[in-house]
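Participant: Sharing a model prediction with you, sequence too.
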There are 2 protein chains.
Amino acid sequence: MFEEYGTTLRMIRKQKGITLKRLAEGICSVSFLSKFERGDSDITLGLMTRLLEKLMMNFDEFLYIHHDFQPDKLEQFFQTARTAYFNRDDNQLKELKNGQLKKWKQYGVETYHYNALLIEVYESIVDEHYKNNSVQEYDIHHLSDYLFRVEVWGYYELTLYNGTLLLLEPDMVIMLSRTAYEKSARFRDYKKVHDAITSVLFNTIIYFLGPVNRFHEEFPFQKEFNEFISYLEIIAIPESNLTDRVHLLQLKGAYDIRTGSKDEGIAKMNKAIQLLNDLNSTKMANNIEQYLLQIM
Amino acid sequence: MFEEYGTTLRMIRKQKGITLKRLAEGICSVSFLSKFERGDSDITLGLMTRLLEKLMMNFDEFLYIHHDFQPDKLEQFFQTARTAYFNRDDNQLKELKNGQLKKWKQYGVETYHYNALLIEVYESIVDEHYKNNSVQEYDIHHLSDYLFRVEVWGYYELTLYNGTLLLLEPDMVIMLSRTAYEKSARFRDYKKVHDAITSVLFNTIIYFLGPVNRFHEEFPFQKEFNEFISYLEIIAIPESNLTDRVHLLQLKGAYDIRTGSKDEGIAKMNKAIQLLNDLNSTKMANNIEQYLLQIM
DNA sequence: TTAAAAATTGTCATATAGTGGAATTTATAA
DNA sequence: TTATAAATTCCACTATATGACAATTTTTAA
C-alpha cells in the first residue's frame, strides 16, 4: 500500500482556497484528483510535481508537513546520531548502528555500511575503552574508497565525511577534503550543501591544528592550513555570514599561536571572544575562552 | 509525456556504486526500475520516495540535480523578482507580472494573482510615477484576506507577505505580522521557513520605525516595537546566528534614537558598525553608517 | 580467450494510475 | 424553503505503471 499523500495535498489546497477543478485544470482530470486526495490512489511523480508547483509549494516543505513536521529520514539519522554522540549515549549509538548494519545485511547496499561506520567512529570517541579501540582499518579504507569514487559530493557524502575525518590519516584528509571542496562545486548555491561544505573545511582546519595538548610541538601543515583557509575565504563566507567569520578569526588566532606568533594569536582570539560577548553569545564565547586556556 | 527523472536516478545510483537489483530489492521489481531509469516510464510518488531514501538523498536535492542545479520554480520566481527589484529593472518586473497574470486568467488560481500583486508593489516602489501611484486598494485587501484565511503559514505566505507589507496600513501590519508569527510556529525547526519568519519580524520592526526623514516625529508604536522584538529574542535568534544579532542591535539603536535616547542609540549602532568592520563585513558596516547619518 | 556469474533489458500479463461523463452532494441565492 | 449552480464523487473504461521470468549483455575470473 502507498502513503496517503493525497489527504495532505487536499488540506493544503483547501487552505489556499483553490477548488479541485481549478487545481486539476491543465494537469490531470478532476475525477482522478478527487480519488487521489481521498487516499484511494497513488500518484505519478510527474503529476505531483506540477500540482505542487501550482500550489506554490516545494517538495521538501510538502513532505515535512506530510510527516507531521518532521525532517526527512536522512536528516533524522544524522541528527539523532549527532545528538547521541554529544550526550555520550552509547546505548543509543549502539542501537542506531545495529539498525544500519541490519539494513546493510538485508539489502547489501553499502551506504548503510558507511552509516554504521560513522556511528562506530562516534562510539570509539565516546568510549575510550572501545573494544577495537580504533575502528577497523579495513572499514575506514572502504569508506574513503567510496568517497574517492563519487563524482559529485552532495549533502550525504559531505556529512558522512565530516563525521569520520577525525580518524583518518593526514594524507588522506588532505586529499579527501580537497576532493570534497572540488566535487561539491556545483552545489554552492544550494544552502544546505553549502553549509555542509563550509563545515567540512572548518573541521579540516581544526584537524590540522591538532589537539590542544600538542600545541607545543612543531607544526608541519602550514601549506595545508593556508590552502583550506583560502578555500573558505574565497568561496565559502559571504559578508553576511558573521558566525563563520568569527569562527575563522578564532582558527587564525589558534594558527598564530601554534606557529609561534603568540601575541598576535591571543589578540585574535580575544577579539573573537569580545565580539561574541558583545552579542550576548556567551556560551560560544566561553567555549573559545576554554580553548584558549587549554592551549596556553 | 513525463519528465525523465529516471535517468537522473540512474546517474546517482551508479555514482554510489549500487546495483539496480539491490536498489530495487524490497521496493519494486528489477525490470521496472530498469525501464524507469531508461526514461521509458514515469514512477509513482510512493516508490520514488523509498528509492531516494535508500540512496540517502532527499527530494529537494534530487530535483535540484535533475534540473541541472537550478532551484525550484517557486524559489526562482521570488529570486528573479527580488533581483529585478534591486536592479530597478522595470522591464523585467513587467514581464514577470504579465506572466503571472496570464496564468491567473488561464487557471483562475488566485495565488498567481497574489504573485502579480507582489510584483506590482515592487513596481510602485521602483517607479515613483507609477500609473496608479499606489497599488489598487481592492487588490491589497484581497491579498490580506487570503493571508488572514490561511491556517498555516509556510514559505510561500511568509515570503509573499514580506514583500508586500510596506504598502499596508499599520493596523493591518500589526495583525498580520502577529498572525505570521503564530501561524508559522510548527515550522520553527525547518530552516528555510524559520529564516522567512525572522525576516518578516525584522521587516515589521523596520516598518514601525518608519522612514529616516520622519525620525523627528513622535513614535506611536512603542508597544508594537517591543512585542515584535520580544518574538525575535525569545524564539528566532539562536546564539550562533550572529548576523541576526547584529541586525537586532542596529534596530534597537535606531529605536533608542527614535524615542529620544540619542546617546544610547548611537552607542549601539556604533558598536554594530565596529563589530562588522572587525569581521571585514565592510559593505554591511557602511550601510549602517549611511543609515545612521541619514537619521541624524 | 572463454566459461560462468552478475547485471541489465525485453516480453508479455496484470494491477492500478488516470479519463470522461453521469450522479450526487454541497454551496449560493432568491 | 426551493431552485440553481458549483464542487465533488461514482462508475465504466483506457492507458500505463509494475511484476514474473526469459533473453541478452556486461563483468569477472581462470
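Facilitator: Alright, I've got the coordinates.
Participant: make it CA atoms for all contacts and neighbour counts henceforth
Facilitator: Noted.
Participant: wouldn't residue A:256 be in contact with residue A:269 here?
Facilitator: No - assessed by CA atoms under 8 Å, residue A:256 is found out of contact with residue A:269, at 9.9 Å.
Participant: between these two, which one's more packed in?
Facilitator: Neighbour totals were compared for residue A:256 and residue A:269, and residue A:269 leads with 26 against 19 (other CA atoms under 10 Å in any protein chain shown).
Participant: Please see if the one helix or strand the more buried one maps to touches chain B.
Facilitator: Per DSSP states H and E: residue A:269 is located in helix A:262-278. Yes - contact of helix A:262-278 with chain B (CA under 8 Å from any CA of the partner chain) involves residue A:275.
Participant: what's the next secondary structure element after that helix?
Facilitator: Downstream of helix A:262-278 (by DSSP H and E), the next one is helix A:282-295.
Participant: and residue A:153, how many neighbours does it have?
Facilitator: 24.
Participant: dump the residue contacts of the residue in chain A positioned nearest to chain B.
Facilitator: Across chain A, the shortest distance to chain B (CA to the nearest CA) belongs to residue A:44, at 4.2 Å. By CA atoms under 8 Å, 6 or more residues apart in numbering or on different chains, the contact set of residue A:44 is B:42-45.
Participant: Tell me where the stretch 51-200 of chain A is predicted with low confidence.
Facilitator: By pLDDT under 70, the low-scoring segments of the stretch 51-200 of chain A are A:129-135.
Participant: Next up, the contacts around the residue lying closest to residue A:92 once chain neighbours are set aside.
Facilitator: Counting by CA to CA, 6 or more residues apart in numbering or on different chains, residue A:92 lies nearest to residue A:84, which is 6.2 Å off, once chain neighbours are set aside. Contact analysis of residue A:84 by CA under 8 Å, 6+ apart lists A:90, A:92-93.
Participant: Can the helix or strand residue A:116 falls within be said to contact chain B?
Facilitator: Using DSSP H and E, residue A:116 sits within helix A:110-126. Yes - contact of helix A:110-126 with chain B is found when judged by CA under 8 Å from any CA, involving A:110-111.
Participant: Report the buried residues of the helix holding residue A:269.
Facilitator: A:264-266, A:268-276, A:278 (16 or more other CA atoms under 10 Å in any protein chain shown).
Participant: quick revisit: among the contacts of residue A:44, which ones are in helices?
Facilitator: residue B:45 (DSSP state H).
Participant: Keep the contacts of residue A:44, but drop any that are not near DNA strand D.
Facilitator: B:42-44 (CA under 7 Å from any atom of the strand).
Participant: which residue sits closest to residue A:126, ignoring its sequence neighbours?
Facilitator: In space, residue A:126 is closest to residue A:88, 5.8 Å off (CA to CA, 6+ apart).
Participant: now swap in residue A:280 and tell me
Facilitator: Using CA to CA, 6+ apart, the closest residue to residue A:280 is residue B:239 (7.6 Å).
Participant: okay but the one you found is in contact with residue A:285, surely?
Facilitator: No - judged on CA under 8 Å, residue B:239 makes no contact with residue A:285 at a distance of 10.1 Å.
Participant: Those two - which one has more neighbours?
Facilitator: Using other CA under 10 Å as the criterion, residue B:239 and residue A:285 rank with residue A:285 on top: 21 against 16.
Participant: how far away is the more buried one from DNA strand D?
Facilitator: 52 Å (CA to the nearest atom of the strand, to the nearest Å).
Participant: before we move on, what about residue A:22?
Facilitator: 7 Å.
Participant: In terms of helices and strands, where is that residue?
Facilitator: helix A:20-24.
Participant: what about the residue nearest to residue A:126, which SS state?
Facilitator: Here residue A:88 is coil, with the state taken from DSSP: H, G, I helix; E, B strand; the rest coil.
Participant: one step back: other SSEs contacting the helix holding residue A:22?
Facilitator: helix A:30-37, helix A:45-54 (3 or more CA pairs under 8 Å, 6 or more residues apart in numbering or on different chains; DSSP states H and E).
Participant: and it, does that touch DNA strand C?
Facilitator: No - applying CA under 7 Å from any atom of the strand, one finds helix A:20-24 separated from DNA strand C by no less than 8.0 Å.
Participant: What's the local residue count around the residue in the stretch 101-250 of chain A that DNA strand D sits nearest to?
Facilitator: Closest to DNA strand D within the stretch 101-250 of chain A is residue A:149: 14.1 Å, counting by CA to the nearest atom of the strand. Residues near residue A:149, counting by other CA under 10 Å, number 12.
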